[in-house]
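In: Quick one: sequence and predicted model below, then my questions.
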Protein chains: 2
Amino acid sequence: MNQHPNYLLNKISGPTDLKKLSLTQLQQLAKEIRTLIIEKDTALGGHLGPDLGIVEATIAYHYVFNAPKDKIIWDVSHQSYPHKMLTGRAQAWLDPEHYQDVGPYTDPEESPYDYFAIGHTSTSIALATGMAKARDLLGGHENIMALIGDGAMTGGLAFEGFNNAAREKGNLVIVVNDNQWSIDKNVGGLVTALKKLRASNGTSPENPFTAMGFDYRYVADGNSLEAMIAAFKAVKNIDHPVVLHINTLKGKGFAPALKDEEHYHWASADLLSGKTSNKTKADANSVAIDVLKDEITAGQKIMAINAAIPANFSLDEIKINYPENYLDVGIAEQDSIAVAAGFAKEGGIPVLFENASFLQRAFDQLSHDVAANNLPVVMMVGRSGISNQPKTHLGLFDQVLLSNLPNWLYLAPTTLAEEKAMMHWAIRQRQRPVAIKMPAQAVPEDNLTGTLTDYSEINYQVKPGKKVAVLALGDFYPLGQEAASQLGATLVNPLSANILDKKTLAQLAQTHQLIITLEDDVLDGGFGQKIASYLGKSAVKVLNYGQKRVYTDQTPLDQLYKENHLTVPQIIADTQQVLK
Amino acid sequence: MNQHPNYLLNKISGPTDLKKLSLTQLQQLAKEIRTLIIEKDTALGGHLGPDLGIVEATIAYHYVFNAPKDKIIWDVSHQSYPHKMLTGRAQAWLDPEHYQDVGPYTDPEESPYDYFAIGHTSTSIALATGMAKARDLLGGHENIMALIGDGAMTGGLAFEGFNNAAREKGNLVIVVNDNQWSIDKNVGGLVTALKKLRASNGTSPENPFTAMGFDYRYVADGNSLEAMIAAFKAVKNIDHPVVLHINTLKGKGFAPALKDEEHYHWASADLLSGKTSNKTKADANSVAIDVLKDEITAGQKIMAINAAIPANFSLDEIKINYPENYLDVGIAEQDSIAVAAGFAKEGGIPVLFENASFLQRAFDQLSHDVAANNLPVVMMVGRSGISNQPKTHLGLFDQVLLSNLPNWLYLAPTTLAEEKAMMHWAIRQRQRPVAIKMPAQAVPEDNLTGTLTDYSEINYQVKPGKKVAVLALGDFYPLGQEAASQLGATLVNPLSANILDKKTLAQLAQTHQLIITLEDDVLDGGFGQKIASYLGKSAVKVLNYGQKRVYTDQTPLDQLYKENHLTVPQIIADTQQVLK
């Protein structure tokens, strides 16, 4: 049921309705939108700070411009809740029964006011530039705008976008939403440059935007509706590229967020409702942090490197207690990997913490800077595999990226004890780059599969059975264990997603009728296909289990598992079919 | 035999020898180095302009600093010939019999004065920052320098590098080698910014480097030995990050290069010796250009987009005759793909021209901006597959990148006629992103395999034979044809590197004992492994042929083919082994 039937927002079915309102009414709308963001996030969790900060700019945008003909690209689109509320989707905040109707990011399948499915940073300027080029060639005249935060500007693609946007001959507005935050506190030379502009009310001649040839405007209070309406009116239908630099307050209207922006960038329902979880159980993160602390204390010259997502890996403990051993490069995955390569070359031990989804930006560095130079970089890969994430945040392609490159060893622990052993070994070896696929699904804490002190050679761990051998990679080991148990099959811990134990495989092929592979990732370019190829010339049959090559979008895990036959009954039925 | 026994260079076995020379002698050395660059390039081909422009800076560097303890990272390292001559490798220019002794890029396996194998742009600042961080943590005190050209600075990773280098607490020198050229003429807002600095002799307050907090120095004549020695002395042992902006003349000392820098960035022996090749035969490039011209003339709203390498695709004709339909985004592959996504979304038809090797930078855009949004981007992929290139320029991973993503259709033509038909169809369809793997090896011009007007469904083209079926992808079709002929085998044109014709595959599996796949790429994550996986549950055996997962380094093609059993006799022998 609509919790706020008296809200003005109920009367806004699109930007046209907005244009009829007075300034006082628009201000009322801003209050309502803030209340709704906090209410829904408190119930469900969601992005908080970015949305609270952009309320006035969003209202002003839709008041001044004519979407969807005029187009705005929201960078990352984690600040698009107010935009969604003003473009026909307010019910998804007003009525808890409809909370799930809209996704967390822009999505053309959800609304004609959204132009792209976006979830990674730094793409908006390039996308807008491409749209502007097409508009020019096709003879259109609409306004095209990209809105990008100062955090997203630490990603190199944003700079590539600026560099080419500066050449546009027609209308193009780039709003720099400067809230002085990345996900954590923003970093680097860019921070200095923006600070000088803010301190001078936009008048400092040390202006990287005018240096590149952009027209430039500054709005000191980007949370003032009047100021934002005036600023947008001034750039509407402009015939050249302009940078509109607005100073906004991330988390505006929610006191706790203003004090601790990192934790309120994306806020869980528990955090907002004040529930504290007594988290004492070990998990993939706590294991990694413990290893880091042990090795730093033991004198290893470690640098824990991440690209603006320390909270994803519980890295705050390292950041606070071992500042010399901690580096956040901003949202700049390419840089993080290349910095790690340089650090390793000079004799240090870089330990990267990368999310599978964001790692996609750095393939060339994984290949050239690290692998072609065979440098002993250690990389912990988080949130990889099949998940209920939106299609912009799937971590499905980590094996595609890492497993198919020379020199990389990609290890996949089946227990927390094995993760620990692998990480200790990876830090102390100096032979090659090693990545560790952190368990994304629950795995046993104890030493179920046996740990080693040396993983330089991959020797499969085999529990003998009959007819069928189940190779269960990483966090799918418990699934494999259950399937093997019911089938009376051989159970194998293959240890690595990309290095095969060919000797054991040949033996298994001779003594079994069917080899089953299980992996928590997309099947294409992955572990199972390597096994199938290697065994292609032998008589043994092979069944590969993993996810089909599709983008899923917040699909529940159990549904994904069923669709991909990743359940014990389905595996057994398939096996019986092949063996009959 | 040494062609210049009287050269001063003969007495330089390393930087130490250089330090004893007078300015006049250093100037003599500069002349000798220039002569040698031109001599060897005239015989063999090689990078020309970048090396001619950097002679004085290189001499000054080694005169002032103490390599290999002090470290310099040459961005791309295509300007490292003078560096190589001064660090013990002059014989490879003095004596034609030793021309092949050194590679075209820096390589730690070649010399302790080279720190990384580098061949792609924009990485040097990040690598140097990583080294500086490790030096600081390990308690070292050497000088660390990155030298990067203005062309390489259009790549976003360069900006990510600057952003983080600005935070370094110790010594770090970034030399911006501003020669006003990318491979083609440099583009974008950065050009404007550097121009303002040059015009003001480095004094303009519109300085993006000081804006980011860098100390900044300018050298108006970077080809003056005295000026460069003084500049390097002034920054040696500096205790903070500094940008040293030097204005140099690309191609200095070779008149034709100064007139036409694009063609003399990398110069062939024929170009330099004045031989003209009467190239009239059609090839993969000319076919693509013809299709572009046809479709533009027919009124299609096309934008031919490339990232600073028009010459690689013979795009000059489009650039000159159809300027409205041509876009060079600079060395910015991420931007090129995202711009194409925006262009397609707005109704235009983007046709990307990407080298397989450089495409590696843009995986996230291939996935998110294009595939997750399922936009009808057309992409021509050049120079993919097994090659005799240096390990930094291998185009082995295009199938890894493209074939494992949802929505992309990756087509692989077997003839030039098929390339033409596929490209026409790709431009006119609006259903999905389509990439075309341009033949890198010679393929027949004529209509050997039959062309279609619609490639939206993949139906294998089958020439029936017995026992064995050879699936020969793209430019390996002639190899497959020969093998199938000798084996009396079925020959299949599979058309696509990533979409399987499962119906035909199932039929082939039932009627054959062995399926052979041939692909011009790395095996891992590729075409054959998908076939092996799909056929894993059937009784048919499968042999996958392609390149093993290793970096090769200027290895001759025939040797690579032999090592990977990609010859007809080896394929026949393997087949007999499996069938017996």
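Out: In hand now; what should we look at?

In: got the contact list for A:Trp408?
Out: Shown in contact with A:Trp408 (Cβ atoms under 8 Å, 6 or more residues apart in numbering or on different chains): A:366, A:370-371, A:402, A:432-435, A:498. All C-beta atoms are positioned from the backbone trio N, CA, C, and that covers glycine.

In: again, only this time at 10 Å
Out: Applying Cβ atoms under 10 Å, 6 or more residues apart in numbering or on different chains to A:Trp408 gives the contacts A:366-367, A:370-371, A:374, A:377, A:379, A:401-402, A:432-435, A:497-499, B:549.

In: same thing with A:Leu416?
Out: A:281-284, A:286-288, A:290, A:438-439, A:442-448.

In: Longest strand in chain A, please.
Out: strand A:514-522 (DSSP state E).

In: In PDB, list the C-alpha atoms belonging to that one.
Out: Provided in PDB are the C-alpha atoms of strand A:514-522 (Å, rounded to 0.1, in the frame of the first residue of the first chain):
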ATOM      1  CA  LEU A 514      32.300 -40.100 -17.300                       C
ATOM      2  CA  ILE A 515      34.100 -37.000 -16.000                       C
ATOM      3  CA  ILE A 516      31.900 -34.300 -14.500                       C
ATOM      4  CA  THR A 517      33.200 -30.800 -14.000                       C
ATOM      5  CA  LEU A 518      31.600 -28.200 -11.700                       C
ATOM      6  CA  GLU A 519      32.600 -24.600 -11.700                       C
ATOM      7  CA  ASP A 520      31.100 -21.400 -10.200                       C
ATOM      8  CA  ASP A 521      31.500 -19.300 -13.300                       C
ATOM      9  CA  VAL A 522      30.400 -19.000 -17.000                       C
END
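
In: Now do the buried residues in stretch A:296-308.
Out: A:296, A:301-308 (16 or more other Cβ atoms under 10 Å in any protein chain shown).

In: Tell me the one among those residues nearest to chain B.
Out: The nearest member of the buried residues of stretch A:296-308 to chain B, counting by Cβ to the nearest Cβ, is A:Lys301 at 5.4 Å.

In: my guess is that closest one contacts A:Arg430, does it?
Out: No - A:Lys301 is not in contact with A:Arg430 according to Cβ atoms under 10 Å; the separation is 11.8 Å.

In: can you list residues touching both of the two?
Out: A:347, A:349.

In: in the stretch 151-300 of chain A, what residue is nearest chain B?
Out: The stretch 151-300 of chain A approaches chain B most closely through A:Gly156 (2.2 Å), counting by Cβ to the nearest Cβ.

In: For that residue, which non-adjacent residue is closest in space?
Out: Residue nearest to A:Gly156 in three dimensions, not counting chain neighbours: B:Gly156, with 2.2 Å by Cβ to Cβ, 6 or more residues apart in numbering or on different chains.

In: Off-centre distance for the helix ranked longest in chain A?
Out: Secondary structure assigned by DSSP state H gives helix A:23-44 as the longest helix of chain A. Taking Cα atoms, centre = their mean, to the nearest Å, the mean C-alpha location of helix A:23-44 is offset from the chain mean by 27 Å.

In: model confidence over that helix, on average?
Out: Averaged over helix A:23-44, pLDDT sits at 96.

In: what's the answer for stretch A:174-182, then?
Out: Rounded mean pLDDT across stretch A:174-182 is 91.

In: Next, the distance between the ends of it.
Out: 18 Å (Cα to Cα, to the nearest Å).

In: can that stretch be found next to chain B?
Out: No - Stretch A:174-182 is not in contact with chain B by Cβ under 10 Å from any Cβ of the partner chain; minimum separation 11.1 Å.

In: about what we covered before: just the ones of the contacts of A:Leu416 in helices?
Out: Applying DSSP H to the contacts of A:Leu416, the entries found in helices are A:284, A:286-288, A:290.

In: Tell me the one of the residues you listed nearest A:Lys530?
Out: Ranked by distance to A:Lys530 (Cβ to Cβ), those are led by A:Ala284 at 24.3 Å.

In: nearest spatial neighbour of the closest one, skipping sequence neighbours?
Out: A:Ala284's closest residue in space is A:Met438 (Cβ to Cβ, 6+ apart), at 4.2 Å.

In: Next: A:Pro464.
Out: For A:Pro464, the spatially nearest residue (Cβ to Cβ, 6+ apart) is A:Thr490, at 5.4 Å.

In: From the geometric centre of chain A, which residue sits farthest away?
Out: A:Lys580 (43.9 Å; Cα atoms, centre = their mean).

In: For the spatially closest residue to A:Pro494 that is not a sequence neighbour, grab phi and psi.
Out: Computed as Cβ to Cβ, 6+ apart, the closest residue to A:Pro494 that is not its neighbour in sequence is A:Leu471, at 4.9 Å. Reported as degrees, to the nearest 10, the phi and psi values for A:Leu471 are phi -100, psi 110.

In: In contact with A:Leu471: list those residues for me.
Out: Counted by Cβ under 10 Å, 6+ apart, A:Leu471 has contacts A:460, A:462, A:477, A:480, A:484, A:490-494, A:500-501, A:504-505, A:508, A:515-519, A:527-528, A:531, A:542, A:544-545.
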